[in-house]
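Chemist: just need the structure, nothing else, for what follows:
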Amino acid sequence: MTAASGSTGYSFINAKAGSTPVFTVADTGKTTIAAGGLVVSDGGATITAGLAVTTGGATIAGATTISAGGLSVTGGITVVNGGLAVSLGNVAVSATTDSSTSTNGTLNGSDRRLKTAIENIQSSQDIIERLRPVTFEWRRDEFRSRNFPNGVFPGFIADEVQEILPDLVHEDGDGWKSLNYVGLVPHLVRSVQEMQAQLAQMQLQIDALQAHSWVGHDVTFLLLHMGLTVEAADDAASIASYLDREWPLEALQGDEKDVQRRRDLLKEWIVRFHSRYEVVAQLSDRYGGEHWDVLRDELLPESKPSSGGKCPLGFGAKVVSNVVSRKSTDVDELRTIMFQGRCYDVMDSRLFRPEGGQFAHFVGHDVTYALAVQSTRVEDLDVTPERAYTFEEQLMLEKYRSFFARELAVLEIEEHHKGNDSQNEVVNLHAVIEESDSMAQELSIQNLQKALANASVEQVDEVCIRTTMTPLHKAVEKHRLDLVTLLVHAGADFGARAALYDDETPLEMARRFQFDDIVAHLESIAVGSK
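Modeler: A predicted model of the protein is given here:
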């Protein structure tokens, strides 16, 4: 080992093992350890001007603090154990990560002050619909160096996404593509927002439909217009304007594509209604005439002929009533109500119980009007209105009629008269005719004969508050010539008119339904009366 003084004033050292330098301190202060390494056992080492390790790397067993200048690694860095912690500052990585990375959370820079050219995403539904979500497995055997994890994973194919959202796909120098999954989130959010707006619009349409009932109206134009016209207004006022209008017949004739589309939609609705409901009447002021009849025959499926009309507006459903006979002397012991001309036993109904029954004060009264106007006031019991019931009131009465028919027994009062006492039996010819559907023809004739024997002139022509028809109208509607004959013989007014059928007489109704046998009989009666 030799030591000398240089021009700088430093002493320098040149230690050799034989002719090989081992430890050298130059006059500039540079220290070189050629072999064996450096061990600092106590006190540590402070390097102010940086540390360069040219070969072999550096192994640091304890913690290392780099106070200034930072750490720059040009050949990559491997953290074998213990992880990497950055307490302050940022980490910038421009590289490809093989295998998978686990993190407790990431934050992306999003401050408004960092961004420019900010624009709203107008629509994303089409984009989301075009994306193809898949499941896949990595090709681990072919790309072992990438350390792909094993298993099945959900995701997208970057090549496919690139055709839809090219800005979200990155391609490295070797041509491998990667996908910015976070960039899909704004499009997903926008798509959900669009769907929410569409749902809100649909709710408005539903509310508009509910605000204006279709019942009692011709809806042909409405169904076709709303089904064919994308920009059709769907507010309540517009929907009301589509009701009771006739679709132009010429718009349904021809071989053009638009014509076929209209016919297909019309056929769909006709078949739908025809399969669920029975045709009860044909309008006289709309969709009438030979050409419309031909079109209907073309669109309607082959089916069995109708068994006869039934009451429009949903009042044709048959609910079989439980009829119980009681002597008039027993009635005083029962708890009953009168509803639409029928006497119901409410003895076992909790609704009419004396203690706590909601309708206890209805017992012994005619409740028809009160239920029609949805009143529980005593003043509305036993009321015969001077006006006709509204459509909404008729619907309400029909609901109660169906409920009573299921839950309560109808009482038949057997009256006993002596001498020339006046007849005061309540005869409901409407009920007799309605019940004829559920019994043999001969028995139904006998029941009507028996009822007519005890019926007054007023009862023979009594107008049903539910349907606005007389018993004769109902017999015609059911295509029962035998019952029609009995009613006419009993003095039924064949000139009475039914508001529900455009104020038609029984004869006009028979012509509407093309019941030729009834038409011939009533015409003969009309001629004979003249």
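Chemist: quickly find the element holding Val22.
Modeler: Per DSSP states H and E: Val22 is located in strand 20-25.
Chemist: pLDDT of that strand, averaged?
Modeler: Mean pLDDT, computed over strand 20-25, is 77.
Chemist: so which bits of it are buried?
Modeler: Buried positions in strand 20-25, judged by neighbour count with 16 or more other C-beta atoms under 10 Å: Phe23, Val25. Where you see a C-beta, it was placed from the backbone N, CA and C, and this is true even at glycine.
Chemist: sheet-wise, list the partners of it with their directions.
Modeler: strand 11-17 (antiparallel), strand 31-33 (antiparallel) (DSSP bridges).
Chemist: next, format those as CSV and append distance to Trp176, mean pLDDT and mean neighbour count.
Modeler: Formatted as CSV, these follow (distance: least, C-beta to C-beta, whole Å; pLDDT from 0 to 100; neighbours: other C-beta atoms under 10 Å):
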stretch, distance to Trp176, mean pLDDT, mean neighbour count
strand 11-17, 51, 72, 14
strand 31-33, 43, 77, 12
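Chemist: what pLDDT, on average, does stretch 144-157 get?
Modeler: pLDDT averaged over stretch 144-157 gives 93.
Chemist: count of neighbours near Arg401?
Modeler: Look at Arg401: counted by other C-beta atoms under 10 Å, it has 20 neighbours.
Chemist: and for the residue nearest to it when sequence neighbours are not counted, the neighbour number?
Modeler: Nearest residue to Arg401, sequence neighbours excluded (C-beta to C-beta, 6 or more residues apart in numbering): Gln340, at 6.4 Å. By other C-beta under 10 Å, the residues close to Gln340 number 21.
Chemist: Serialize the strands paired with strand 20-25 to a markdown table and add fields for distance to His430.
Modeler: Formatted as a markdown table, these follow (distance: least, C-beta to C-beta, whole Å):
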| stretch | distance to His430 |
| --- | --- |
| strand 11-17 | 130 |
| strand 31-33 | 120 |
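Chemist: Arg512 is nearest to which of these?
Modeler: strand 31-33 (118.5 Å; C-beta to C-beta).
Chemist: can you name the element that comes right after that closest one?
Modeler: helix 125-130.
Chemist: isn't Gly183 right next to Leu165, touching?
Modeler: Yes - counting by C-beta atoms under 8 Å, Gly183 does reach Leu165; the two are 7.1 Å apart.
Chemist: re the thing from before, the residue nearest to Arg401 contacts Tyr369, correct?
Modeler: No - the pair Gln340 / Tyr369 is not scored as a contact, 10.4 Å apart, by C-beta under 8 Å.
Chemist: which non-adjacent residue is nearest Phe362?
Modeler: Ile337 (5.4 Å).
Chemist: which of the helices or strands spans the one you found?
Modeler: strand 336-339.
Chemist: for the helix or strand just after that strand, give the mean pLDDT please.
Modeler: Proceeding N to C from strand 336-339, the next assigned helix or strand is strand 342-345, under DSSP H and E. Average pLDDT, strand 342-345: 82.
Chemist: likewise for stretch 359-374?
Modeler: 87.
Chemist: could you tell me the end-to-end distance of it?
Modeler: With C-alpha to C-alpha, to the nearest Å as the measure, the ends of stretch 359-374 fall 12 Å from one another.
Chemist: contact partners of that stretch?
Modeler: Applying C-beta atoms under 8 Å, 6 or more residues apart in numbering, the external contacts of stretch 359-374 come out as 335-340, 346, 351-354, 376-378, 380-385, 389, 393-394, 396-397, 400, 465.
Chemist: please identify which of Gly183 and Leu165 sits among more neighbours.
Modeler: Legend: neighbour count by other C-beta under 10 Å for Gly183 and Leu165, higher for Leu165 (18 against 13).
Chemist: please report phi then psi for that one.
Modeler: phi -130, psi 80 (degrees, to the nearest 10).
Chemist: what distance do you get for it to Leu131?
Modeler: 8 Å (C-beta to C-beta, to the nearest Å).
Chemist: need the contact list for Pro21.
Modeler: Residues near Pro21 by C-beta under 8 Å, 6+ apart: Asn14, Ala15, Thr32, Ala34.
Chemist: go on, Thr485?
Modeler: Contacts for Thr485 (C-beta under 8 Å, 6+ apart) come out as His521.
Chemist: mind listing what's buried along the host helix or strand of it?
Modeler: Using DSSP H and E, Thr485 sits in helix 481-489. Of all the residues in helix 481-489, those buried under the rule 16+ other C-beta under 10 Å are Leu481, Leu483, Val484, Thr485, Leu486, Leu487, Val488.
Chemist: contacts for the helix or strand that it is followed by, please.
Modeler: Proceeding C-terminally, helix 481-489 gives way to helix 506-513 as the next helix or strand, assigned by DSSP H and E. For helix 506-513, the surrounding residues in contact (C-beta under 8 Å, 6+ apart) are 281-282, 308-309, 470, 472-473, 475-477, 479, 484, 494, 496, 498, 501, 504, 518-519, 522-523, 526.
Chemist: try stretch 473-481
Modeler: 307-311, 430, 433-434, 436-437, 444, 464, 467, 469, 483-484, 487, 496, 498, 501, 506, 509-510, 513, 515, 517-518, 521.
Chemist: and what of stretch 487-497?
Modeler: For stretch 487-497, the external contacting residues (C-beta under 8 Å, 6+ apart) are 429, 448, 452, 455, 457, 460-461, 463, 470-473, 475, 503-507, 521-522, 525-526.
Chemist: can you pull the domain assignment for the chain?
Modeler: 2-33, 121-189, 212-299, 312-416, 427-530 (automatic domain parsing).
Chemist: right, and those - which one's nearest Gln198?
Modeler: Judged by C-beta to C-beta, the one of the domains of the chain that comes nearest to Gln198 is domain 121-189, at 8.9 Å.
Chemist: how long is that closest one from one end to the other?
Modeler: 10 Å.
Chemist: same thing with stretch 506-525?
Modeler: In terms of C-alpha to C-alpha, the two terminal residues of stretch 506-525 are separated by 12 Å.
Chemist: so which bits of it are buried?
Modeler: Neighbour-count burial for stretch 506-525 flags 506-513, 515, 518-519, 521-522, 525 (criterion: 16+ other C-beta under 10 Å).
Chemist: again with stretch 108-126
Modeler: Within stretch 108-126, the residues that count as buried by 16+ other C-beta under 10 Å are Ser124.
Chemist: then stretch 356-365?
Modeler: Per 16+ other C-beta under 10 Å, stretch 356-365 contains these buried residues: Gly357, Phe359, Phe362, Val363, His365.
Chemist: any chance of those residues in JSON lines, with secondary structure too?
Modeler: Shown next, in JSON lines, are the buried residues of stretch 356-365 (DSSP: H, G, I helix; E, B strand; the rest coil):
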{"residue": "Gly357", "secondary structure": "coil"}
{"residue": "Phe359", "secondary structure": "coil"}
{"residue": "Phe362", "secondary structure": "helix"}
{"residue": "Val363", "secondary structure": "coil"}
{"residue": "His365", "secondary structure": "coil"}
